[in-house]
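In: Got a predicted structure plus its sequence, pasted below:
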Amino acid sequence: MADMAELAGWVQEALKLRMTADLPVVNTSPATALVFLGDVRARLDRVEELLGKAIRHRATARRAQATAQAQADDAFDTAITRHRAAPVQSGGDFLSARERTAAANLAVLDLLHQVRAIDRLVSTADEAVEVLRLTHRGLDGLRQDSQVVLRTLAFESTLER
């Protein structure tokens, strides 16, 4: 499973691929437009690959999140049951439900920290997927625009004959 730094690297790479491409629209030749179209297609393919990795990573993180949450819930239930079944403490002090819950939470604190860490990872993966989708959409729009330029140039060349 990728970590947050790797996800951030994928997003940074995709944004660089997207933001460094300008559509050649003024005084361009069909050959230049065709080369640009090929370049955009290659960028789009790379962003698609990154998007696929991020989607798979997010799915893995969500499965880990569900597993960690289930483990924490089970451990909490065990701790609260154990605490409830324990004999009355010396002095006969009454423990409220809130105090029993707090004691059970303390018993599973490490598991709760793991769940929170995985929650942050899932949130980061969700963000990465959304940014990569946006980047993919932008590059696809640029590809379509470059196809229009290429078709226009082809049409103009037929008019000149």
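Out: Looks like it came in fine.
In: So which elements touch the host helix or strand of residue 82?
Out: Assessed by DSSP states H and E, residue 82 sits inside helix 30-85. In this structure, helix 30-85 packs against helix 4-19, helix 97-107, helix 109-159, with contacts taken as 3 or more CB pairs under 8 Å, 6 or more residues apart in numbering; DSSP states H and E. Placement of C-beta: from N, CA and C, glycine included.
In: wait, what's in contact with residue 37?
Out: For residue 37, the set of contacting residues under the criterion of CB atoms under 8 Å, 6 or more residues apart in numbering consists of 143, 146, 147, 150.
In: Once you drop chain neighbours, what's closest to the last one?
Out: With sequence-adjacent residues excluded and distances taken as CB to CB, 6 or more residues apart in numbering, residue 150 is closest to residue 33, at 4.5 Å.
In: Could you report the neighbour count for that neighbour?
Out: 22 (other CB atoms under 10 Å).
In: before we move on, what about residue 84?
Out: Residue 84 is surrounded by 12 other residues when neighbours are defined as other CB under 10 Å.
In: list the contacts for it?
Out: The neighbours of residue 84, taking CB under 8 Å, 6+ apart as the test, are residue 100.
In: how much space between it and residue 108?
Out: 15 Å (CB to CB, to the nearest Å).
In: before we move on, what about residue 143?
Out: Applying CB to CB, the value for residue 143 to residue 108 is 51 Å.
In: So which of the two has more stuff around it?
Out: Neighbours were tallied for residue 143 and for residue 108 using other CB under 10 Å; the higher tally belongs to residue 108 (21 against 18).
In: residues in contact with the more buried one?
Out: Counting by CB under 8 Å, 6+ apart, residue 108 touches 72, 75, 76, 79.
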